[in-house]
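**Q** Here is my input, please return the structure:
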Amino acid sequence: MTFKKLTLMDVLEAMDELGKPSIFCFQQKFPPEIADKVGLSGGNMTSSMRACGAIGALSNGPSRDIHEIRPMNFQYLTRGICAGHGPQAVHAVQVPVSIAGMDVAPGEIVHMDENGAVKFPADRLEEVVRTAKALAAEEDERVGQLLKARGVKAVKAIMSGHQYVKK
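**A** Next up is the predicted model:
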C-alpha cells in the first residue's frame with residue numbers, strides 16, 4: 001500500500017507549530033532486508049527540520065549525508081549511516097513511534113546525546129532537570145577526586161557508600 005495523503009511538508013508544518021527547540025522522532029518502516037541500507041534523513045531533510053526549530057533527530061533507521069549534516073551542529077541518534085535513500089511515505093504525523101528501544105509519544109520530552117536517548121513526561125521536566133544537575137555535580141566532584149587519587153585504597157575511600165563498593 002502506498003501512502004500519498006501526507007508529505008514531508010505535513011511533518012514540517014506540525015514541527016513548526018511545536019515549542020522550540022524540538023527533537024524530531026521518526027520511525028522508519030522498511031522491510032528487514034533493506035532496513036539498514038536505506039535512510040530517509042539526509043542533508044535536505046535535516047536542513048528543513050532545523051529551519052522548523054529542531055535541534056536533533058532520533059530514528060530507528062540509518063541516516064545519510066553525514067558530511068552535510070555535521071557542520072549544521074544538528075544532533076542525530078540513528079541506527080547507523082548508509083548511502084541509500086529509501087522511498088518516503090509519511091504514514092502519520094504527531095503519533096507514537098517506536099525508536100531507540102523505546103516508545104515515544106507526542107508531547108513527551110526526549111533528551112539525547114552521543115550515549116543514547118531517554119524520554120519522560122513533559123510535566124516532570126523541572127524535576128528531571130533538578131535531579132540531573134544534582135547527579136552531574138555529584139559525579140563531577142567524584143571524578144575530580146578520582147583523577148587525583150593514587151591506588152585502590154584511595155579509590156575505595158572516595159567510592160565508599162557508592163554502588164561500586166561492596167557493603
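**Q** Check which element follows the longest helix seen in the chain along the chain.
**A** When the chain is parsed with DSSP state H, its longest helix is helix 125-148. As assigned by DSSP states H and E, the chain's next helix or strand after helix 125-148 is helix 152-159.
**Q** between that following helix and helix 125-148, how many degrees?
**A** Taking axes from the mean of the first three to the mean of the last three CA atoms, to 10 degrees, one finds that helix 152-159 is oriented at 160 degrees with respect to helix 125-148.
**Q** what helix or strand does residue 98 sit in?
**A** Per DSSP H and E: residue 98 is located in strand 97-99.
**Q** Run through the neighbouring helices and strands of that strand.
**A** If you count contacts as 3 or more CB pairs under 8 Å, 6 or more residues apart in numbering; DSSP states H and E, strand 97-99 packs onto strand 22-26, strand 102-104. (Glycine included, C-beta is placed from N, CA and C.)
**Q** In CSV, list those strands along with mean neighbour count and mean pLDDT.
**A** Shown next, in CSV, are the helices and strands packed on strand 97-99 (neighbours: other CB atoms under 10 Å; pLDDT from 0 to 100):
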stretch, mean neighbour count, mean pLDDT
strand 22-26, 22, 90
strand 102-104, 16, 91
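**Q** May I see those strands organised as CSV, with distance to residue 81 added?
**A** Converted to CSV, these look like this (distance: least, CB to CB, whole Å):
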stretch, distance to residue 81
strand 22-26, 16
strand 102-104, 21
